[in-house]
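Q: Could you work out the structure for the sequence below:
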Amino acid sequence: QVLLVESGGGLVQAGGSLRLSCAASGSTLKIVSVDWYRQAPGKQRELVAGITSGGSTNYANSVKGRFTISRDNAKNTVYLQMSSLKPEDTSVYYCKADLLIKDTLGYSSYEPDYWGQGTQVTVSS
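A: Residues are numbered from 1 along each chain as shown. Okay, the predicted model is just below:
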């Protein structure tokens, strides 16, 4: 069984910082790539940042210069460091991961598009 869990959300004042974590465990051998998404009430889910297996990163224009995505391969964890937070960053943040897992026969298997349960980020003005 694969577990993908986000953590680190909370309530912060505008201008503050938070660090979100996306940790894969269970039968996960390796996180291949991760995208962070967010969804505010009444709005579509939007891509915030992504990191590839090689460490290449990309960001939405709205967060460039304020958010940094990084990975710790030894911990099978990807982080989203969020700084200079604004009220409009208030959303539920989700990570979506492509994983290399060990299947029931013991072989490694590429499994894309695992989603975590989300973590709430609220930025007060």
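Q: from here on, contacts and neighbour counts on C-alpha atoms
A: Noted.
Q: which residues touch stretch 80-90?
A: By C-alpha atoms under 8 Å, 6 or more residues apart in numbering, the residues outside stretch 80-90 that reach it are 13-21, 36, 40, 66-70, 120-125.
Q: so residue 2 bridges to which residues?
A: residue 26 (DSSP bridges).
Q: quick one: it and residue 26, what's the gap?
A: Counting by C-alpha to C-alpha, to the nearest Å, the gap from residue 2 to residue 26 is 5 Å.
Q: cool, and residue 7?
A: For residue 7, the distance to residue 26 equals 17 Å [C-alpha to C-alpha].
Q: Those two: which is more packed in?
A: residue 7 (18 against 11; other C-alpha atoms under 10 Å).
Q: Quick check: the more buried one touching residue 119?
A: Yes - counting by C-alpha atoms under 8 Å, residue 7 touches residue 119, with 6.0 Å between them.
Q: Could I get the pLDDT score of residue 103?
A: For residue 103, the model assigns a pLDDT of 84.
Q: Likewise for residue 26?
A: 86.
Q: So it sits against residue 99, correct?
A: No - in this structure residue 26 lies outside contact range of residue 99 using C-alpha under 8 Å: 11.4 Å.
Q: before we move on, the earlier item: could you turn the buried ones of the contacts of stretch 80-90 into a PyMOL selection?
A: Buried subset of those, written as a PyMOL selection, criterion 16 or more other C-alpha atoms under 10 Å:
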select buried, resi 14+17+18+19+20+21+36+40+67+68+69+70+120+121+122+123+124
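Q: Okay, and the beta partners of residue 6?
A: residue 22.
Q: does it really touch residue 94, like I thought?
A: Yes - using C-alpha under 8 Å, residue 6 is in contact with residue 94, at 7.1 Å.
Q: Of those two, give the one with the bigger neighbour count.
A: Using other C-alpha under 10 Å, the more surrounded residue of residue 6 and residue 94 is residue 94, with 27 against 22.
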